[in-house]
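one predicted model, sequence on top.
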Amino acid sequence: MTTIAELPPGFVDKVLSAQSTFRSVMDAMARPGAVQRIVPMAGAPDTMMRGTAAIALTLFDHDTPLWLDARMTDSSDIVKWLKFHTGAPAVQDCSIASFALIADGTALPSLDRFALGTSEYPDRSTTLIIQVESLDSGRSFELRGPGIDGVATLRASIKPFDLFERLRVNEALFPRGTDVVLVADDSVVAIPRTTRVVNKGS
């Protein structure tokens, strides 16, 4: 059993690292499809990528209910690490989560199981943070929408394979909907609910 003292450390410099990570995430949201890098942190639990850990340390706190998929919850170190470093309460009901951490995209629940916000409070939705294999190789996708000058192209290896098809429900739900952050090691790409994605091929 891992003790608190044996858990991987958080940021070496909490203020500067959190500021840098926050800028990277905000840049990713402002420029959908553009790959942003997160400065590597000191350490992360097994199964959790460095970028995911940095985002957790930056955005999670005791007021942000957190849902973890089965692969994340199978690691007691991740649960302990998140509780110790962020204080974010883990919840079993994903419909009340502010954030969801997904290590196994193939087992991603139906998006309508997560909070989608309301017309009055569209921000009260669950942000999905999905770990993926690659954000610089794989299938090609065309992205259109706010923050994109014409068309942006994203090459990525993502599971579930039909993620972007699922996200098309955002068009009908807007201003409600789901925002997604994709993480591959220390690289991140954001797909806000305003972004429209089309698969171009293999």
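Great, that's in hand.

can you pull out the strands in this protein?
In the chain, the segments counted as strands under DSSP state E are 36-37, 66-68, 99-102, 127-131, 134-144, 152-157, 179-184, 187-191, 196-201.

dump those strands to TSV, plus distance to residue 91.
Glycine gets a C-beta too; all of them are placed from N, C-alpha and C. TSV is the format used below for the strands of the chain (distance: least, C-beta to C-beta, whole Å):
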stretch	distance to residue 91
strand 36-37	28
strand 66-68	6
strand 99-102	10
strand 127-131	14
strand 134-144	28
strand 152-157	29
strand 179-184	18
strand 187-191	23
strand 196-201	28
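
make a markdown table out of these and add mean pLDDT and distance to residue 10.
Output for the strands of the chain, formatted as a markdown table (pLDDT from 0 to 100; distance: least, C-beta to C-beta, whole Å):
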| stretch | mean pLDDT | distance to residue 10 |
| --- | --- | --- |
| strand 36-37 | 96 | 19 |
| strand 66-68 | 97 | 16 |
| strand 99-102 | 98 | 16 |
| strand 127-131 | 98 | 17 |
| strand 134-144 | 94 | 24 |
| strand 152-157 | 94 | 28 |
| strand 179-184 | 98 | 17 |
| strand 187-191 | 97 | 18 |
| strand 196-201 | 77 | 33 |
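
from residue 127, how far off is the closest residue in space to residue 89 that isn't next to it in sequence?
In this structure, residue 89 finds its nearest non-sequential neighbour in residue 65, 5.5 Å apart by C-beta to C-beta, 6 or more residues apart in numbering. Noted for residue 65: a distance of 12 Å to residue 127, by C-beta to C-beta, to the nearest Å.

how about residue 188?
12 Å.

which one's more surrounded, those two?
residue 188 (27 against 22; other C-beta atoms under 10 Å).

so who does that one touch?
Neighbouring residues of residue 188 by C-beta atoms under 8 Å, 6 or more residues apart in numbering: 24, 25, 28, 35, 36, 37, 38, 51, 55, 135, 181, 182.
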